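In: below is the structure, and that's it, no one-letter string:
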């Protein structure tokens, strides 16, 4: 079972976010350099997500997807649908299959898998404590080796009670869970729940650059990780919105439902 975060991680995370960082990066340098578009989903056909690219995780996983999450993932249009030119992943408070919340998690495993490149999405995020949306990747060998040996690249994670800050992370052997390599970025103006923002990485043989909009806010290299660099194989994409769990905690009385993560597009460049 893939475990994204353990309880240690939640203890080291505060509103200022993570203390384990990659090397510093000059934010004035070129943000993106790869411009050959090789895959795009513009979410412009109403209905279910394009089955050429996407499949679903269904259920509660093992132990709440390894994080004590509260939602049941479905493929119902109430939780995941393409309409108005966007992918909509919606978390709902409802009793369903023994869970008190529903949401959705889609993945490109076996359909779109990429080794190196620029992977980005334009997303508007929800608001409220206990909401944990993410745009991330797992190594395509995740069925044959245990996590974190397959590697995990979290392009964007966000906690709904902190609408100005998002963070990017890598997990691998010797640096996973509470020991992952991560850095946050706080918007100087605006919020992630009121406007769309572009979240992306440029990933090469010996680096992963993290950017939000036009700001390159972190670079992670083999020298920054205390274990094996496992980011030298194809990875697949995951989009989901968790409810509750070790990292965000449970929703409180001020968390309104339903809540939706809106995705305008996903694009991959080489």
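Out: Yes, it's here. Treat the numbers as computed from the prediction; the structure is a model and nothing was measured.
In: can you list the weak-confidence ranges in the stretch 101-250 of the chain?
Out: Along the stretch 101-250 of the chain, segments meeting pLDDT under 70 are nowhere present.
In: all helices of it, in order?
Out: Taking DSSP state H, counting those that start in this stretch as the criterion, the stretch 101-250 of the chain carries no helices.
In: pretty sure residue 53 contacts residue 112?
Out: Yes. Between residue 53 and residue 112 there is a contact under CB atoms under 8 Å: 5.3 Å. The C-beta positions use only the backbone N, C-alpha and C, and glycine is treated the same way.
In: so residue 67 lies in a strand, does it not?
Out: No. Read with DSSP: H, G, I helix; E, B strand; the rest coil, residue 67 is helix and lies in no strand.
In: tell me, how many residues neighbour the nearest residue to it once chain neighbours are set aside?
Out: Once flanking residues are discounted, residue 67 sits nearest to residue 245: 4.1 Å by CB to CB, 6 or more residues apart in numbering. As a burial measure, residue 245 scores 22 neighbours (other CB atoms under 10 Å).
In: any idea how far residue 245 is from residue 160?
Out: Relative to residue 160, residue 245 is positioned 12 Å away (criterion: CB to CB, to the nearest Å).
In: tell me, what's touching those two both at once?
Out: residue 132 (CB atoms under 8 Å, 6 or more residues apart in numbering).
In: hang on, the earlier thing: residue 53 and residue 112: which is more packed in?
Out: Between residue 53 and residue 112, counting by other CB under 10 Å, residue 112 is the more crowded of the two (20 against 16).
In: enumerate every residue touching that one.
Out: 39, 53, 236-237, 268.
In: closest one of these to residue 89?
Out: Residue 89 lies nearest to residue 237 out of the contacts of residue 112, by CB to CB, at 13.3 Å.
In: residue 230 reaches residue 174, doesn't it?
Out: No. In this structure, residue 230 is not within contact of residue 174 by CB under 8 Å, at 10.2 Å.
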